[in-house]
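Chemist: Sequence first, then the predicted structure, then my questions.
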Amino acid sequence: MRLFKKFLRVGVTLFLLGLLAIILILRWPMHDPSLSPAAFAPRPSFDKLPKLRLQVFETGYSEAPEAYAVRGGSFFAKRRMTHGAVLIEHPRGRVVLDSGLGTGFAAENARAPWIQGRFAQWFFTPTLPLSKTPQFPPLDPKRDFFLLSHLHWDHVGGTLDFPDIPVKVLEAERAFALDTARSEAHGVYPHHISALGERLQGLSLQDKPYENFPQSLDLFGDQSIVLVSLDGHTPGSLGVFVNLRGGDRFLFVGDALWSVDAEDRPEARSRLAEWTSDLDKARARLVRQRLAELIAHSNEVTLVPIHDSKALEKVRKAMEKSL
C-alpha cells in the first residue's frame, strides 16, 4: 500500500507538471519576426472578369480547446473547425479548392502512423463527403480539377472518391509530398500520394508580382483566379485569390490561417499549435504578417481559412447577393 501511494504521488506530480508545462507553452509571450513593408503591385484590371459561381461544402469538423487553436484563447472554450471545400464554376471548367474528408476516412486513418491516425479518429467527425453530396455536380476529367492548398491528409481525402479527376498543387508541395521520409512526419499520408499517382500535378508560379506577393499565376489568364505562395505551414502551401464581377474578392488561404477575427484580421495560432502544425514556424509567421499587411492595404479582400466556418459563410452570402 505504501508503495502504491508513492507511485500515485509521483504520477499526480508528473501529471500536474505536464499540465503546467502545456499552460506555460500556450501562454508564453510570442514575438513575431519583423517583416519589411512590401511594395504592392499595380492594381489589376477587373473590367472583363467572367461570371463565377462559388459553392461551399462541409465534409466534417473537429474541435479543439480555443487556447490551442488561437493565441490567447480560453482554456474553457472549444473552437469548432470545419473541414470544407469550395467549388468554383468558371466558364472553362470547375475548380474544387481542397476536398476535405472522404468516404475512406476510417480506413485511411487506420493505415496512418499510429499517433496521427488515432488523433484523427478521436477528434475529427466526418459528415457528408463531396461524393455523397447531392448538390455537388459531376466532374469532367477533361475540364475540371481539384486545386489543393496543400497535401495534408484532411485536405486530400475527398479527392480519392473521384479517381479520374486531376489534382493540382504547387510543384514545391508535390516534391515535398513525394519525399515521404520528410512529409509523413508532417501530416501527409504516403498512401494518399500513392493513390493519386499521376493525377497529382505540380504548378509553377511566375515572376509576376500580385498585391504584396512577388510571384503569382493567373490560372485562366482573366484575373478571376490568381495563385500565390503561402509557404510555411508546408513548403508548397497555396493561396487562391478569387475575384468576382460584383467587386467581392476572396483570398482562400488553406491552413496558413485557421481563423480570422471579427475584423477579418488573421488570428495567430498558439505556440503549441505552431509547433505541432507548421513545418517552417518562422516562415509561417511571416506569411501571417503578409496577410495582415494585405488586409490593411486592400480592405476589399476577405481572407478565407478553409477551417473557418464563419469566413466560409461570407462566401455563401456573397453568392446569394449576386443572384
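Modeler: Everything's here; your move.

Chemist: Please, where are all the helices along the stretch 51-200 of the chain?
Modeler: With DSSP state H, counting those that start in this stretch as the criterion, the stretch 51-200 of the chain has helices at 66-69, 105-110, 114-123, 153-156, 171-178, 180-183, 190-196.

Chemist: which of these is buried the deepest?
Modeler: Highest mean neighbour count of those: helix 153-156, a mean of 26 (counted as mean count of other Cβ atoms under 10 Å). For the C-beta atoms, the positions are set from N, CA and C on the backbone; glycine is no exception.

Chemist: Now do it: everything it contacts.
Modeler: Defining contact as Cβ atoms under 8 Å, 6 or more residues apart in numbering, one finds that helix 153-156 is touched by 83, 98-101, 108-109, 112, 116, 120, 124, 148-149, 167, 187-189, 192, 196, 254-255, 306.

Chemist: can you list the helices of the stretch 51-200 of the chain in a markdown table and add mean pLDDT?
Modeler: What follows is the helices of the stretch 51-200 of the chain, written out as a markdown table (pLDDT from 0 to 100):
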| stretch | mean pLDDT |
| --- | --- |
| helix 66-69 | 91 |
| helix 105-110 | 95 |
| helix 114-123 | 90 |
| helix 153-156 | 98 |
| helix 171-178 | 98 |
| helix 180-183 | 94 |
| helix 190-196 | 97 |
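
Chemist: which one of these lies closest to Ser237?
Modeler: Closest approach to Ser237 among the helices of the stretch 51-200 of the chain is made by helix 171-178 (7.1 Å; Cβ to Cβ).

Chemist: send the alpha carbons of that closest one over as PDB?
Modeler: What follows is helix 171-178, C-alpha atoms only, in PDB (Å, rounded to 0.1, in the frame of the first residue of the first chain):
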ATOM      1  CA  GLU A 171       5.300  22.000 -57.500                       C
ATOM      2  CA  ALA A 172       7.100  22.600 -54.200                       C
ATOM      3  CA  GLU A 173       4.200  20.800 -52.400                       C
ATOM      4  CA  ARG A 174       4.300  17.900 -54.800                       C
ATOM      5  CA  ALA A 175       8.000  17.500 -54.300                       C
ATOM      6  CA  PHE A 176       7.600  17.700 -50.500                       C
ATOM      7  CA  ALA A 177       4.900  15.000 -50.500                       C
ATOM      8  CA  LEU A 178       7.000  12.700 -52.600                       C
END
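
Chemist: so how far is that helix off the chain centroid?
Modeler: Centre-to-centre, helix 171-178 and its host chain are 16 Å apart (Cα atoms, centre = their mean, to the nearest Å).

Chemist: Stretch 209-227 too?
Modeler: 19 Å.

Chemist: ok, and for that stretch, which residues are buried?
Modeler: 209-213, 216-219, 222-227 (16 or more other Cβ atoms under 10 Å).

Chemist: quick one: the strands in this structure?
Modeler: 53-65, 78-90, 93-97, 124-126, 145-147, 167-170, 200-203, 217-218, 225-229, 238-243, 249-254, 301-305 (DSSP state E).

Chemist: CSV please, covering the ones you listed and showing distance to Thr180 and mean pLDDT.
Modeler: Shown next, in CSV, are these (distance: least, Cβ to Cβ, whole Å; pLDDT from 0 to 100):
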stretch, distance to Thr180, mean pLDDT
strand 53-65, 25, 96
strand 78-90, 23, 97
strand 93-97, 25, 99
strand 124-126, 22, 97
strand 145-147, 21, 99
strand 167-170, 16, 99
strand 200-203, 13, 99
strand 217-218, 27, 98
strand 225-229, 23, 99
strand 238-243, 21, 98
strand 249-254, 21, 98
strand 301-305, 27, 97
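
Chemist: Of all those strands, which one comes closest to Lys321?
Modeler: That would be strand 53-65 among the strands of the chain, by Cβ to Cβ, at 11.7 Å.

Chemist: how far does the closest one sit from the chain's center?
Modeler: For strand 53-65 - counting by Cα atoms, centre = their mean - the centre lies 11 Å from the chain centre.

Chemist: Quick one: list the elements packing against it.
Modeler: strand 78-90, helix 114-123, strand 124-126, helix 309-322 (3 or more Cβ pairs under 8 Å, 6 or more residues apart in numbering; DSSP states H and E).

Chemist: let's see 7 Å
Modeler: Strand 53-65 sits against strand 78-90, strand 124-126, helix 309-322, with contacts defined as 3 or more Cβ pairs under 7 Å, 6 or more residues apart in numbering; DSSP states H and E.

Chemist: Next, the buried residues of the shortest one.
Modeler: Within strand 124-126, the residues that qualify as buried by neighbour count (16+ other Cβ under 10 Å) are 124, 126.

Chemist: Go ahead and name everything in contact with it.
Modeler: Applying Cβ atoms under 7 Å, 6 or more residues apart in numbering, the contact partners of strand 124-126 are 59-62, 101, 105.

Chemist: how about 8 Å then?
Modeler: Contact with strand 124-126 is made by 59-62, 83, 101, 105, 154, as judged by Cβ under 8 Å, 6+ apart.
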